[in-house]
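Peer 1: 3D model of this:
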Amino acid sequence: MNYEHLVAYAMFASSIAHFYTTMFLYCVNDPNMYSTLYKVADKYLPLVEDFEYVVNEDQFYSSNRSLIYSELAFFPENERLHMREYVREMFYHAYNGYMKHAFPLDELNPINCSGRGPDVDKTNIHLNDALGNFSLTLIDSLDTLYAMGDMEEFSKAVRLVSEHVSFDTDTNVQVFEATIRVLGGLLSAHVLASSDAGMLNITANNVNSANESASGTNKASTVVPGYDNELYDLALDLASRLLPAFSDSQTGLPYPRVNLRHGVMNDSYLRQSVNCLAGVGTLSLEFGLLSHISGDPVYERVARNALRSVWSMRNNDTYLLGNSFNIHTKVWQSTLSGLGAGMDSFYEYLVKAYVMFNDQDYLALFNEAYKTISLFNKAGRFRCLSPYERRGHPKGPPIFRNVDQRTGDLATNWIDSLQAAWPGILVLYGDIEEAICQHALHFAIWQKYSALPERFNLLQQMSEVHFYPLRPELAESTYLLYRATKSPFYLHAGRIIAQDINKYARTSCGFATMKDVKTKTLEDRMESFMLSETLKYLYLLFDEENHLHASELAGKYLFSTEGHVLPVLKYASSLYNMSSTVWFTPPEPLPVDPNFAQPDLQCEAVPFLYQHSMPLPPHMMYQIERLVGLHP
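Peer 2: As a prediction, the model looks like this:
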């Protein structure tokens with residue numbers, strides 16, 4: 001092989017980033033190549049002064065996993081199939097544990113193997129924001145059963161929800177949690193169970209080997225025999241019980257909590273007026289989908305009004321949004337601005353609402369927000385893979401920090417685990433390069449602890465808030481990056497995540513929250529997102545042949561922030577209820593700045609080299625691992 005020709009070809013046929021990723025595979029297996037590589041790079045790339053990062057052999061090792069980076073560029077087919085079944089077993093271990101020991105209560109106590117519902121103390125928001133005596137874990141798991149291809153258990157679970165769940169209860173719930181977990185779970189399962197769910201006729205046939213059913217309404221379900229829209233009826237009932245949170249507010253910003261039987265009431269606890277950015281901006285998909293199915297525009301209208309209202313609260317100088325605020329005065333209570341807890345899914349739903357509804361207004365808002373975030377929150381290199389000296393950019397890897405909304409100044413030295421969803425959002429937006437770097441940061445933290453601590457202090461290189469409740473964000477981003485790049489590195493990452501959870505969180509009947517990622521002590525709780533998201537994404541990562549990956553479905557569905565499968569509506573016209581003429585009145589436009597109406601990025605195919613190499617050059621991966629303290 002003519003190494004010099006290979007180097008030159010890689011440099012000129014692709015970008016410098018792809019040059020790195022092509023060449024290091026040869027370097028690690030042929031030490032004599034180092035001098036040739038360095039010589040040719042010096043000949044063709046005089047701007048690159050940091051090549052010594054590449055030629056230090058020690059930096060090709062992951063200190064925590066004893067793996068050579070080149071090994072991560074390959075994943076054997078038999079190992080992929082093994083991991084698919086490995087994760088499948090994990091799911092059924094947790095699901096069967098819940099059904100045996102906890103159903104019809106909301107959650108499983110995985111250490112005591114018992115059920116859990118809401119606390120009798122209605123002010124215990126740690127539990128009661130999500131739990132509501134409505135078999136939460138089963139509802140949240142419905143479409144995971146579908147993703148597993150288990151139509152028999154999916155049908156059984158749909159019937160159990162139909163027979164056992166009622167929302168006519170004297171229970172306080174958080175609007176945000178009830179929307180993403182329960183309303184989203186019901187709508188997703190309704191779409192999957194219905195023969196008139198246009199996008200999923202194909203899917204049902206793939207699973208059941210059934211004849212293709214005719215599209216249209218009021219057809220017998222090909223997935224759940226005898227299904228008669230019971231889940232849709234429950235979804236409509238729940239949404240109507242959440243509406244008082246909006247109607248009792250004068251600003252369009254909803255109260256954070258509501259009583260399912262009595263509404264907001266004259267209750268000092270329910271009338272607490274502080275909500276958060278994610279709490280009011282993560283309703284668009286579920287409420288919008290319900291409006292399209294029911295023909296009643298009120299649900300989409302209240303979600304859009306809430307978004308419009310909070311968008312008007314951006315700082316006049318920085319144009320940044322904060323974290324929490326008073327819904328009546330529209331005054332920020334927390335001016336922390338970032339991508340973590342209380343803020344993360346707000347930005348996620350701008351992108352996903354654009355995809356679901358084909359509404360350019362949502363995309364324009366994200367374009368504007370992303371430019372502002374990149375200006376104030378981002379530190380390190382301007383771009384993930386940009387050459388350091390080309391524009392004089394800082395040499396550190398890019399990091400999105402928490403800043404003060406009012407000034408853009410650094411506010412904290414920590415990032416939290418919910419920010420691990422940001423790489424997945426960037427994948428959907430089309431910024432694969434930035435997604436790769438951000439994923440590498442959170443995966444490096446995972447490697448340090450075999451989990452993601454709730455907060456990690458970058459300055460001290462250590463966990464600051466130590467618990468890990470089996471959150472799905474890193475698994476989700478890993479899955480989406482693999483689907484976008486097909487880099488085997490993400491299969492290795494998924495295997496590490498799955499094996500660590502199985503090793504440290506498994507109990508006799510489920511999986512428990514890690515109370516402390518350092519000591520691996522456990523807490524007796526298994527949140528529903530373990531089944532609805534974490535294990536779903538890990539399973540789909542390894543199940544290349546899954547019916548949801550069929551080419552006929554490409555671009556026709558997306559995952560909600562709770563991991564629920566929802567249709568992209570331009571491909572699912574048979575979902576619409578056209579009986580209501582009011583639906584044809586266009587919704588009020590969102591407050592779009594015309595300067596941001598078109599994105600800078602284009603969705604282009606990922607370069608072929610990504611499918612056969614590491615997503616980052618080894619010296620850049622090493623930089624990120626050093627940042628979190630994996631290397632001295």
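Peer 1: which element, helix or strand, includes the closest residue to Val258 other than its chain neighbours?
Peer 2: Spatial nearest neighbour of Val258, chain neighbours left out: Ala245 (4.5 Å); criterion: C-beta to C-beta, 6 or more residues apart in numbering. Backbone N, C-alpha and C define where each C-beta goes, glycine included. Per DSSP states H and E: Ala245 is located in helix 244-247.
Peer 1: name the helices or strands packed onto that helix?
Peer 2: strand 257-259, helix 298-311 (3 or more C-beta pairs under 8 Å, 6 or more residues apart in numbering; DSSP states H and E).
Peer 1: save these as JSON lines, and put in mean neighbour count, mean pLDDT and distance to Arg455 too.
Peer 2: Output for those, formatted as JSON lines (neighbours: other C-beta atoms under 10 Å; pLDDT from 0 to 100; distance: least, C-beta to C-beta, whole Å):
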{"stretch": "strand 257-259", "mean neighbour count": "24", "mean pLDDT": "93", "distance to Arg455": "25"}
{"stretch": "helix 298-311", "mean neighbour count": "22", "mean pLDDT": "95", "distance to Arg455": "24"}
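Peer 1: figure out which of the ones you listed is closest to Val427.
Peer 2: helix 298-311 (22.5 Å; C-beta to C-beta).
Peer 1: if we can go back for a sec, what's the closest of the helices and strands packed on helix 244-247 to Ala189?
Peer 2: Judging the helices and strands packed on helix 244-247 by C-beta to C-beta, what sits closest to Ala189 is helix 298-311, at 17.9 Å.
Peer 1: I'd assumed Leu260 was in contact with the residue nearest to Val258.
Peer 2: No - the criterion here is C-beta atoms under 8 Å, and Ala245 misses it with Leu260 at 11.0 Å.
Peer 1: pLDDT wise, what is Pro46 at?
Peer 2: pLDDT recorded at Pro46 is 35.
Peer 1: next one: Asn32
Peer 2: For Asn32, the predicted pLDDT is 45.
Peer 1: and what of Leu339?
Peer 2: At Leu339, pLDDT is 97.
Peer 1: more neighbours: Ala245 and Leu260, which one.
Peer 2: Using other C-beta atoms under 10 Å as the criterion, Ala245 and Leu260 rank with Ala245 on top: 28 against 21.
Peer 1: residue contacts, that one?
Peer 2: Residues in contact with Ala245 (C-beta atoms under 8 Å, 6 or more residues apart in numbering) are Val175, Pro254, Tyr255, Pro256, Arg257, Val258, Gly263, Val264.
Peer 1: next, count neighbours for the last one.
Peer 2: Burial of Val264, expressed as a neighbour count using other C-beta under 10 Å, amounts to 18.
Peer 1: residue contacts, the closest residue to it other than its chain neighbours?
Peer 2: Nearest non-adjacent residue to Val264, counting by C-beta to C-beta, 6+ apart: Asp248, 4.6 Å away. Asp248 makes contact with Tyr255, Gly263, Val264 under the criterion C-beta under 8 Å, 6+ apart.
Peer 1: phi and psi next, for Asp248.
Peer 2: phi -80, psi 0 (degrees, to the nearest 10).
Peer 1: so how far is Glu300 from it?
Peer 2: Using C-beta to C-beta, to the nearest Å, Asp248 is found at 19 Å from Glu300.
Peer 1: check which helix or strand Gln447 maps to.
Peer 2: Counting by DSSP H and E, Gln447 is part of helix 432-449.
Peer 1: partner strands of the helix or strand that comes right after that helix and their direction?
Peer 2: Using DSSP H and E, the helix or strand that directly follows helix 432-449 along the chain is strand 455-457. Using DSSP bridges, strand 455-457 pairs in its sheet with strand 414-416 (antiparallel), strand 462-465 (antiparallel).
Peer 1: got any ranges where the stretch 101-250 of the chain has weak pLDDT?
Peer 2: Low-confidence segments of the stretch 101-250 of the chain (pLDDT under 70): 125, 127-128, 195-222.
Peer 1: quick one: the helices in it?
Peer 2: 125-128, 136-147, 151-164, 175-177, 184-193, 201-208, 230-242, 244-247 (DSSP state H, counting those that start in this stretch).
Peer 1: just send those back as a markdown table, with distance to Leu365 too.
Peer 2: Converted to a markdown table, the helices of the stretch 101-250 of the chain look like this (distance: least, C-beta to C-beta, whole Å):
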| stretch | distance to Leu365 |
| --- | --- |
| helix 125-128 | 29 |
| helix 136-147 | 28 |
| helix 151-164 | 35 |
| helix 175-177 | 19 |
| helix 184-193 | 21 |
| helix 201-208 | 31 |
| helix 230-242 | 23 |
| helix 244-247 | 20 |
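Peer 1: out of those helices, which gets nearest to Gly115?
Peer 2: helix 136-147 (9.5 Å).
Peer 1: give me the distance from that closest one to the chain's centre.
Peer 2: Centroid separation for helix 136-147 versus its chain: 17 Å, with C-alpha atoms, centre = their mean, to the nearest Å.
Peer 1: what's it packed up against?
Peer 2: helix 77-101, strand 107-109, helix 151-164, helix 184-193, helix 535-542, strand 565-567.
Peer 1: just the ones you listed: most buried one?
Peer 2: Greatest average neighbour count among the helices and strands packed on helix 136-147 goes to helix 184-193 (a mean of 29), per mean count of other C-beta atoms under 10 Å.
Peer 1: kindly calculate the angle that it makes with helix 136-147.
Peer 2: 30 degrees (axes from the mean of the first three to the mean of the last three C-alpha atoms, to 10 degrees).
Peer 1: what is helix 184-193 packed up against?
Peer 2: Going by 3+ C-beta pairs under 8 Å, 6+ apart, helix 184-193 lies up against helix 136-147, helix 151-164, helix 230-242, helix 284-294, strand 565-567.
Peer 1: low-confidence ranges in the stretch 251-400 of the chain?
Peer 2: In the stretch 251-400 of the chain, residues with pLDDT under 70: 386-395.
Peer 1: and the strands in it, which stretches?
Peer 2: 257-259, 274-276, 324-326, 332-334, 336-337, 378-379, 399-400 (DSSP state E, counting those that start in this stretch).
Peer 1: could you pull up the contacting residues of Gly342?
Peer 2: By C-beta under 8 Å, 6+ apart, the residues touching Gly342 are Cys276, Leu277, Ala278, Gly279, Asn323, Ser324, Ser334.
Peer 1: same thing with Asn112?
Peer 2: Applying C-beta under 8 Å, 6+ apart, the residues near Asn112 are Asp524.
Peer 1: nice, that's everything, thank you.
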